[in-house]
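1. Mind folding the following:
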Amino acid sequence: MRSDLMGHIWGGRLEFCADPCNTPLGRILSSLLASPITRFTVAVEDADLTPFAIYAGEEIISGASLADVLDQEFGLDLKDDAIVLIEPCAQPTLTPTCPVQLGHHIGHIIVSLAQSERDGTAPDGLLSADNIAHSFHREMLHAVTPGQHIH
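-> Just a heads-up that it's a prediction; the model follows:
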């Protein structure tokens, strides 16, 4: 899918979604990761298409990052550490995502982002243990009301 990204952008198949949290995958990734998430859907006929994420700062064509391309094509001003989530367009007749399938997508995306960091294509330290722990702690503070205990 990453290799087809420019074709989807220039072919008009990529659509910006104002709310990254309007899908289960977007909501969960937003709660797990400290970096801001920008969500797009892609209209393709490939039924096996899986969601993926990429750092906006990653170079996707020679001399241009995804952030540069999205600025030119969509007028979006994304920081290099932003995460761009790309999901296939949902068919209104489909049933909600299976929890196991959703878990696989989340795991795949986290591993993919970690791979980018390991390979040096991601902005520094985004998936460090401290950053992930800080993000998780921040979410737990908002989710727990006074007097509740986390076990």
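
2. what's the straight distance from one end of stretch 86-101 to the other?
-> Across its full length, stretch 86-101 reaches 16 Å end to end, with CA to CA, to the nearest Å as the criterion.

3. So which residue is dead centre in this protein?
-> The residue lying closest to the centre of the chain (CA atoms, centre = their mean) is residue 85, at 2.9 Å.

4. Does that residue touch residue 38 like I think?
-> Yes: in this structure, residue 85 is within contact of residue 38 by CB atoms under 8 Å, at 7.1 Å. The C-beta positions use only the backbone N, C-alpha and C, and glycine is treated the same way.

5. what do those two both touch?
-> residue 20 (CB atoms under 8 Å, 6 or more residues apart in numbering).

6. in the lengthiest helix in the chain, what counts as buried?
-> Using DSSP state H, we find that the single longest helix of the chain is helix 99-118. Of all the residues in helix 99-118, those buried under the rule 16 or more other CB atoms under 10 Å are 102, 105-106, 109-110, 113, 116-117.

7. show me where pLDDT drops low in this protein?
-> 1-3, 46-48, 90-97, 121-151 (pLDDT under 70).

8. let's go with 90 and repeat that
-> Applying pLDDT under 90 to the chain picks out residues 1-5, 7-8, 13, 20-24, 34, 42-51, 61-62, 88-105, 112-151.
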